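Engineer: What shape does this take:
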Amino acid sequence: MNDAFSVNGRIVCVTGASSGIGRFLASAFVQAGARVVGVARRKDQLDSWTVEAGRSSGQAASVVGDLSVPDSVEDIASDVKEKFGDPEILINTAGVNPRASADDLTPEIWRRTLDLNLSTPFFLARCFVPSMQEKKWGRILNIASLQSCRAMANGMAYGASKGGVVQLTRAMAEAWSRDGVTCNALGPGFFPTELTEKVYADGALAKRLAEQTCIGRNGELPDLAGPAIFLASPASDYVTGQVLYVDGGFTAK
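Structural biologist: Residues are numbered from 1 along each chain as shown. As a prediction, the model looks like this:
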């Protein structure tokens with residue numbers, strides 16, 4: 001039974017691996033025995049991740065690239081494949097939250113947010129899916145959000161993109177699951193990352209958010225490891241097109 005939850009030896013691509021949830025998940029999969037290629041824009045932080053994760057062991061590699069530029073996606077995918085081969089698991093973590101009011105949103109901010117949060121997960125997945133289909137096995141894991149189902153202040157562009165991620169996940173599942181490629185999403189609650197620095201800097205706000213959960217606390221990054229590895233492992237063979245909210249029950253209330 002334990003083997004059903006194993007990702008040992010799998011080839012994994014994690015975007016947004018230089019910080020936050022992406023960095024944590026990239027390290028968690030290395031620790032679980034996978035060979036992981038981290039992709040991010042910031043070379044210095046990506047380099048520090050590969051050292052931290054164990055590049056010397058041959059389990060971690062990195063590709064520097066800006067996934068918010070649509071024309072760069074295919075080149076980045078090619079660079080990823082050169083590290084360990086074609087990924088069997090893709091974790092689309094890279095994202096941006098401009099936290100701009102509806103009045104302050106510019107077409108440029110809107111496009112960049114939707115390109116990185118919504119368009120890139122599809123076009124990058126499409127680069128790797130043919131190999132997954134040949135093997136009759138693959139995993140795509142997108143990152144949804146509380147804002148996939150709830151409106152929050154200054155979240156117009158981010159919420160639109162993350163709402164789209166939920167439907168994209170369903171559409172990916174419909175398109176590719178018959179070939180053994182399952183597609184699901186994690187919906188994190190509030191976790192300590194760069195995107196939530198302002199939330200955690202306000203102790204009263206962080207406390208109010210914790211009180212809105214059923215569990216009574218905000219998330220800690222290790223809370224994400226089990227759900228992610230489950231959705232990336234053979235244990236989830238019959239799970240596809242779903243969003244698993246890892247939010248302490250925030251969306252249940």
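
Engineer: hey, let's count contacts and neighbours off CA atoms from now on
Structural biologist: OK.

Engineer: Against which helices or strands is the top strand by length along the chain packed?
Structural biologist: Ranked by residue count under DSSP state E, the longest strand found in the chain is strand 181-188. On a contact count with 3 or more C-alpha pairs under 8 Å, 6 or more residues apart in numbering; DSSP states H and E, strand 181-188 meets helix 120-135, strand 138-143, helix 156-176, helix 225-232, strand 243-246.

Engineer: run the last query once more with 10 Å
Structural biologist: strand 89-92, helix 120-135, strand 138-143, helix 156-176, helix 225-232, strand 243-246 (3 or more C-alpha pairs under 10 Å, 6 or more residues apart in numbering; DSSP states H and E).

Engineer: so after it, what's the next helix or strand?
Structural biologist: helix 197-201 (DSSP states H and E).

Engineer: pLDDT value on the residue nearest the centre of the chain, please?
Structural biologist: Most central in the chain under C-alpha atoms, centre = their mean is Thr93, positioned 2.5 Å from the mean C-alpha point. pLDDT, Thr93: 97.

Engineer: pretty sure it contacts Ala17?
Structural biologist: Yes. Between Thr93 and Ala17 there is a contact under C-alpha atoms under 10 Å: 7.6 Å.

Engineer: shared neighbours of those two, anything?
Structural biologist: Counting by C-alpha atoms under 10 Å, 6 or more residues apart in numbering, the contacts common to Thr93 and Ala17 are Arg23, Leu25, Ala26, Val39, Ala40.

Engineer: Greatest separation within those: which pair is it?
Structural biologist: The span of the shared contacts of Thr93 and Ala17, defined through C-alpha to C-alpha, is set by Leu25 and Ala40 at 13.4 Å.
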